[in-house]
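S.K.: here is a sequence with its predicted model. Questions after.
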Amino acid sequence: MANTSMPARTSPDNQSPHRGIVLPALTGGIAITVGLWCLWWLLHTPALSTPPALAGPLLIGAMVALAAFVSRWTTHNRLRFGLTAGLVSGALNLMLLGSMITQPAATPAAAAATDPTAVSPGVSAVQPNTLLVMLGFVVLSAAFGAIGAAVSRAIPPARQLITSRDWLGRMGWLTALSVLPLLLLGGLVTSANAGLSVPDWPGTFGSNMFLYPVALMDSADPRIFKEHTHRLFGALVGVVTLLQMIMILVHDPRRTLKVAAVVSFVLVCIQGVLGGTWVVEKLPFMPVIHGVLGQVFFAGMVALALALSASFISTPLAVVTGKARTLMPLMLGGLVVQLAFGATYRHLRGQTGASHALMSHIAFSIVVMIIVIIAGIVTIKAARAWAQAAPSAGPLAARLRTLGVSLHGVVALQFMLGWVAWGVIAMSKGGGTRISPTADQLASTPQVPVLEMTIRTLHQANGAVLLSLAAVVALWTFRLTRGAQAAADPVLAAQANV
């Protein structure tokens, strides 16, 4: 394996510090918000139902801690950064605030599962002082952000981020991270057969989605909580993806990345419409498409985050074996086909054709595992050769090698989880069918056993991790191979980082 390395093309953007506060504040605010939303979900899940007197202080403490952590990233004045990041987080958290300050209707909460019109507070439940409460909430969030920034002064600073591309890279990873809890909740909704537990869309039991009281989510039925919070997280991901798209269009000079950012926002909008259309129309294959596209979207967001990262941009041009360029698309295609088989069985279990999808999923898993193992070996060899030929690329080559090893570990875990999930479903009562009760059927439909629900969700989530990991390996390999072609042509070499 020959090698030619050359420095990455620099741009004025890479040479000058980023002095604006908007991009750093959005990045820090997104980080705080994603952490808070995950903690909020854990505290309010029906299994815990943490009292407000305890949940409130825990969330405030978490916000201060998260603000202190993200304030270490900045070269701006930390108090100003923390204040602005807290302001951004407070604005994003308004999507959760409505469910906390809206009071349920007088009708007992148990009616939520049987009579949508009985628990539809909507705008009528909004108190006259709601706007004042929202303003105060955002101001307090900014204050907590500033407190966290003040605390961060006692913490050693992280690697300094000085350019807009550095901040875009951090925002990319945080945006991809925001998709992960949404994906987990989607898998949980499917595993718990909770997809139709809320009868309407985009509202919730006749209420505005952002005003449906959390008290009803907690008390009526756990499946309502799962489905409704999945929608809320979907709204968060949509907003965060929109913010990322705007920042990429403004700050990143690469046309390909601008197109990818727009496509990602369009996809997340399509995902929302697909999920809502299934609830309203109940078309059998709609959740299959929704499930497959959700994992593909997550993998795409992770790949976009890599393309925005400083390490990817600074990757030296190098020669990589031609096997990788052919093998990586084959791996990605095989994983998507395997995902489609699995999603068809998960969503249509008990219906015509589902058994064929299961058999195909089981048989094709062996093929996919072999392809992924070979791809991991090729990646490890390419990383080793890269490090030997270009010693300056040693740290990046080590990352690529780690990714190759990770492919082996994740695909082995996925293969094992698949068989465990199949065994658990086969042994469960009614394991051969999938019943998604509508809102009026919740009381008469038993809950899915916790073990079955957990194993199926873990299998689905690990599959998403595997696909995203494969996308990262494929993208990085493509860059290295592209560099080999550019090395033979001075014109292509000059354009290699465009």
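M.R.: Arrived safely.
S.K.: stretch 407-414: which residues count as buried?
M.R.: 407-408, 410-411, 414 (16 or more other Cβ atoms under 10 Å). (C-beta placed from N, C-alpha, C; glycine too.)
S.K.: need the contact partners of that stretch.
M.R.: Residues from elsewhere that reach stretch 407-414, judged by Cβ atoms under 8 Å, 6 or more residues apart in numbering: 368-369, 372-373, 375-376, 379, 459, 462-463, 465-466, 469-470, 473.
S.K.: go through these and name the one nearest Ala299.
M.R.: Ala470 (7.5 Å; Cβ to Cβ).
S.K.: list the buried residues of the host helix or strand of the closest one.
M.R.: Assigning secondary structure by DSSP states H and E places Ala470 in helix 450-487. For helix 450-487, burial by neighbour count (16+ other Cβ under 10 Å) applies to 452-453, 455-477, 479-484, 486-487.
S.K.: circling back to that earlier point, pick out the lowest-pLDDT one from the contacts of stretch 407-414.
M.R.: Lowest pLDDT of the contacts of stretch 407-414: Thr379, 89.
S.K.: any weak-confidence spans in this protein?
M.R.: By pLDDT under 70, the weakly predicted segments of the chain are 1-19, 103-128, 158-162, 217-220, 316-323, 350, 352-353, 429-434, 481-498.
S.K.: what do you get if the cut-off is 50, keeping everything else the same?
M.R.: 1-16, 106-110, 112-114, 116-117, 119-124, 483-498 (pLDDT under 50).
S.K.: what residue lies at the spatial centre of it?
M.R.: Most central in the chain under Cα atoms, centre = their mean is Val179, positioned 1.4 Å from the mean C-alpha point.
S.K.: that residue: what's it in contact with?
M.R.: 237, 297-298, 301.
S.K.: among those residues, which one has the most neighbours?
M.R.: In terms of neighbours by other Cβ atoms under 10 Å, the contacts of Val179 top out with Met301 at 28 neighbours.
S.K.: surely that residue touches Ser264?
M.R.: Yes: with contact defined as Cβ atoms under 8 Å, Met301 counts as touching Ser264 (6.2 Å).
S.K.: now do the shared contacts for these two.
M.R.: Thr241.
S.K.: correct me, but Met286 touches Leu274?
M.R.: Yes: the criterion here is Cβ under 8 Å, and Met286 meets it with Leu274 at 6.1 Å.
S.K.: count the neighbours of the nearest residue to Val88 once chain neighbours are set aside for me.
M.R.: Sequence neighbours aside, Gly29 is the residue nearest to Val88 in space, at 2.7 Å (criterion: Cβ to Cβ, 6 or more residues apart in numbering). Residues contacting Gly29 under the criterion other Cβ under 10 Å number 27.
S.K.: mind starting the numbering at 43 from now?
M.R.: Fine by me, first position is 43 from now on; the one you just mentioned is Gly71.
S.K.: quickly find the element holding Gly71.
M.R.: helix 64-86.
S.K.: which helices and strands does that helix pack with?
M.R.: helix 94-113, helix 120-143, helix 206-233, helix 256-261, helix 264-293 (3 or more Cβ pairs under 8 Å, 6 or more residues apart in numbering; DSSP states H and E).
S.K.: for Ala277, see how far away Cys80 is.
M.R.: Note on Cys80: its distance to Ala277, by Cβ to Cβ, to the nearest Å, is 15 Å.
S.K.: and the nearest residue to Leu129 once chain neighbours are set aside, what does it touch?
M.R.: Of all residues not flanking Leu129 in the chain, Ala184 sits nearest, at 4.2 Å (Cβ to Cβ, 6+ apart). Shown in contact with Ala184 (Cβ under 8 Å, 6+ apart): 125-126, 128-129, 132.
S.K.: please convert those to TSV, extending it with neighbour count and distance to Leu299.
M.R.: As requested, the contacts of Ala184 are exported to TSV (neighbours: other Cβ atoms under 10 Å; distance: Cβ to Cβ, whole Å):
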residue	neighbour count	distance to Leu299
Leu125	22	30
Thr126	23	25
Gly128	31	29
Leu129	19	27
Gly132	26	29
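S.K.: sounds good, over and out.
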